[in-house]
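In: the following comprises the amino acid sequence and a computationally predicted model.
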Number of protein chains: 2
Amino acid sequence: MRSEGEIHLDNVATLGQWAQQLALYFDPQDAFNGTLLEKIKEIVESNEIRRLPKIPKGTRDFGKDQMAIREHAFSIITSVFKMHGAVALDTPVFELRETLMGKYGEDSKLIYDLADQGGELCSLRYDLTVPFARYVAMNNISSLKRYQIAKVYRRDNPSKGRYREFYQCDLDIAGQYEVMEPDFEVLKVLTELLDKLNIGDYEIKLNHRKLLDGMLGICGVSSEKFRTVCSSIDKLDKQPFEQVKTELVEEKGLAVETVDRIGMFVKKRGPPLEVLSELKKEDSPFLGHADSALALNELEILFKALGKSKSLEKIVFDLSLARGLDYYTGVIFEAVFKGSTQVGSIAAGGRYDNLVGMFSGKQVPAVGVSLGIERVFTIMEQLEKERNEVIHATETQVLVAILSKDLLLAAELVSQLWNANIKAEFALNKRVRNHIDRAIESGITWVVFVGESEINSGIVKLKNIKSHQEEEIPRERFVEQVQKRLSDV
Amino acid sequence: MRSEGEIHLDNVATLGQWAQQLALYFDPQDAFNGTLLEKIKEIVESNEIRRLPKIPKGTRDFGKDQMAIREHAFSIITSVFKMHGAVALDTPVFELRETLMGKYGEDSKLIYDLADQGGELCSLRYDLTVPFARYVAMNNISSLKRYQIAKVYRRDNPSKGRYREFYQCDLDIAGQYEVMEPDFEVLKVLTELLDKLNIGDYEIKLNHRKLLDGMLGICGVSSEKFRTVCSSIDKLDKQPFEQVKTELVEEKGLAVETVDRIGMFVKKRGPPLEVLSELKKEDSPFLGHADSALALNELEILFKALGKSKSLEKIVFDLSLARGLDYYTGVIFEAVFKGSTQVGSIAAGGRYDNLVGMFSGKQVPAVGVSLGIERVFTIMEQLEKERNEVIHATETQVLVAILSKDLLLAAELVSQLWNANIKAEFALNKRVRNHIDRAIESGITWVVFVGESEINSGIVKLKNIKSHQEEEIPRERFVEQVQKRLSDV
């Protein structure tokens, strides 16, 4: 698509003229020793580059090839959501600022605000969960299983594979259910999504906010410090324990023995039922703590349901998983790739029973998962390259190749195909080769040639680009003949 | 979905308690004569409403039923675009502010700016045409036929059917072609879109910017006033000529006889070839004017091509059509509904040969059409109501109805269906009636009942909700039996 050379062609021509004029002032020997010419070319090119428009930092366009991959991924994701009876929802890209306030903890500083141009103060959505909760509250809905695939906005530092505008694919289930009923389904959906996207091995780290709170209580952390300690623990997937320990002792004022006790717990990770049975041993401190005992019972039901569903092997019960967001109240989880490409977290979610109530005063418990699809696109693009696949961005079946500049003839013939719902393009060009090249490039199988001799004998020439077969067909029957060949496949 | 009564249930209960307490202070005769009770109820309700979250003015959520209509419309539109070999493009929701500046004339005041939070100054896109031109220029593309379906943003006064966030469906063709080649195709696409959406009769008003300029020159308007006079003429579809005349004379300083001459021309409208032949008569002033003579030649080719394509009957050549945007340079057009619902303009477009060059300095001529789909949604919703159609938002095929609270049993059975790619939901409820009601409401045909007796005899009960037929099936073979019945349809 992008042809680097093309933009400078005009300038090179201009350069020739300049050179002649310059020769009046300089000794040609000097002027044309290459250096001066190079210099001028450099200046012209840098001006040209400066003049090209830019796209905002951290955003990107999706061209035709990327769109083909994106649409493929979305169709898989949508089919999984629909297999579970979820309904679609779309919300505005911006919300009232008050809707977003107080939901994201320290990350609130990453929210994009709209300028105050009179009227309401608004901000771009930061995720799809808060708009979902706002929608449920505003419409007084008591139960809803919805999916939403849409862009969210974060004023983060852009880096490789990390954008300021990016897609999230969310499934959330709000309403009163039996214990772990929707939690089970959301995790099942997540495994189905990652399996069907077929992008490599993964694991889903899982924990429970109430178990985490219980753990901190048992270790001697006072409850007002739970949240800030959690945000330190959350760094354990990127930092060694010693570094987190320093932060907890020096910055957050915890006693060394408290942190060491935490260190013992957060090392626990493994197959869910094994870790669970260890935590439920007779002498386990968790059993004496109401919140964490409840959490362990919930997790037992969840793990058993996932076992019955043959989806437990991807789950890792990991006591170091904390998740940054304020609004989680129960099960929390995060999916990470295990392949060679280190892309980190690819999906996350959990239970948030108080978020809807923050809007309406009426609590509607909810649990959801959010798939961060950008890294999936990256991996899929990579896989496609490795497989050396050619994916055509168009589905055109027939090219009407007019061997003249006769637009009226083209209009008449190609419209007959369009009116018969045949995917067709047309081109006006005297050279047969140009038409064939275009058909090959676009992956079009059938070309209808019409030149002067065809017009005079009332026929068209129909060529199959793949088999190289060519036949003459009466013009008044060419649409049915094309249709016949297309349906023969 | 929205149940108006529900939100007040709690309050009504509370009211009963309040009433008892109030009775201590008031004579029950007064307190319960209805008026006081009504009053209290009113206050409670208005508090409740105040507490509910809001959505920004001029925006809206699309719930499941609207999403079903929207997806239906988009699939029609996308199929038309793909039939013409167009490729998809997606661009960020915001652009650098400099990209949007100087493109929209007076309408620039309607652009949403992002707040200055450090870094680049950005604004929400106002249409899809300018981002397309920016994309073409930035990537040095010489030819592209692309479609984009996305939301755009305008700080306009919201009114019935007019939003601040709304969808546009655009097709644009950029590149060097034979005269009127892409213009013909864009108009053909527009008629196909409106025909296939099947929402009622319409007409496409069409004019040419160069003809308009010629007309103004012939009438004696000086060229620096062309643009401002055009924006007055553009109001003729909403205002009588006398009102526009007053504006042109008093505000824009035109001579009365100049305006009267304009008035003669802008009344001309009708079948394209008839109006064209009138304008091309021997004594026509347009023939002596280079720009308008060129415009008339282009229009003749265009009308003949559309005639060959059987799409000319919807076109009305209308000399009063001016279009507000600055960037048009050739053919301009606007589609309006003619049905009983007065929704006004539904699509518009035209040729803009200088827009890409405004970004890169390298001109790439282009022509495009933009369909404003919101009014189409409104009409489709209306039609659906009139037809009394029930469209189910989900496609669920099977409901696994567990007649107990046994999540593990549900997980096992429903996962077998999901793993076989069958669209299924599950529910835990002891009452058979609840399951049947849910299946009917969601349009689910098959229900798999599993109660205690079924568990004990190793079977499940499979019920067809439509035929009321019921049969018992061995549990270990229930998936294949369900599959068989689904494929029998």
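Out: Arrived safely, thanks for sending.

In: isn't A:Gln416 up against A:Val479?
Out: Yes: assessed by C-beta atoms under 8 Å, A:Gln416 is found in contact with A:Val479 at 4.9 Å. Placement of C-beta: from N, CA and C, glycine included.

In: the residue nearest to A:Lys109 when sequence neighbours are not counted: neighbouring residues, count only.
Out: Nearest residue to A:Lys109, sequence neighbours excluded (C-beta to C-beta, 6 or more residues apart in numbering or on different chains): A:Arg155, at 7.7 Å. Counted by other C-beta atoms under 10 Å in any protein chain shown, the residues lying close to A:Arg155 total 19.

In: now do the phi/psi pair for A:Arg155.
Out: For A:Arg155, the backbone dihedrals (degrees, to the nearest 10) come out as phi -80, psi 60.

In: the stretch 1-150 of chain A: strands as residue ranges?
Out: Applying DSSP state E, counting those that start in this stretch to the stretch 1-150 of chain A gives strands spanning A:87-88, A:94-96, A:122-124, A:144-153.

In: mind checking which of those strands is nearest chain B?
Out: Distances from chain B to each of these were compared using C-beta to the nearest C-beta; the minimum, 3.7 Å, belongs to strand A:87-88.

In: anything in that closest one near chain B?
Out: Yes: using C-beta under 8 Å from any C-beta of the partner chain, a contact is recorded between strand A:87-88 and chain B, made by A:87-88.

In: for that strand, packing partners?
Out: If you count contacts as 3 or more C-beta pairs under 8 Å, 6 or more residues apart in numbering or on different chains; DSSP states H and E, strand A:87-88 packs onto strand A:144-153, helix B:64-83.

In: winner for burial among the ones you listed?
Out: By mean neighbour count, with neighbours taken as mean count of other C-beta atoms under 10 Å in any protein chain shown, strand A:144-153 ranks first of these at a mean of 21.

In: note down every partner strand of that one and its orientation.
Out: Sheet pairing for strand A:144-153, assigned by DSSP bridges, gives strand A:87-88 (parallel), strand A:165-174 (antiparallel).

In: including mean pLDDT and mean neighbour count, could these go into TSV?
Out: As requested, the strands paired with strand A:144-153 are exported to TSV (pLDDT from 0 to 100; neighbours: other C-beta atoms under 10 Å in any protein chain shown):
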stretch	mean pLDDT	mean neighbour count
strand A:87-88	96	21
strand A:165-174	97	23
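
In: export the ones you listed to a markdown table and tack on distance to A:Met101?
Out: As requested, the strands paired with strand A:144-153 are exported to a markdown table (distance: least, C-beta to C-beta, whole Å):
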| stretch | distance to A:Met101 |
| --- | --- |
| strand A:87-88 | 27 |
| strand A:165-174 | 20 |
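
In: of those, which is nearest A:Glu452?
Out: Of all the strands paired with strand A:144-153, strand A:165-174 sits nearest to A:Glu452, with 51.7 Å by C-beta to C-beta.

In: what separates that closest one from the chain centre, distance-wise?
Out: In terms of C-alpha atoms, centre = their mean, to the nearest Å, the centre of strand A:165-174 is found 10 Å from the chain centre.

In: what does stretch A:259-266 give?
Out: Between the centre of stretch A:259-266 and the centre of its chain there are 36 Å (C-alpha atoms, centre = their mean).

In: ok, stretch A:178-185 next?
Out: Centroid separation for stretch A:178-185 versus its chain: 26 Å, with C-alpha atoms, centre = their mean.

In: with stretch A:143-152 instead?
Out: In terms of C-alpha atoms, centre = their mean, the centre of stretch A:143-152 is found 14 Å from the chain centre.
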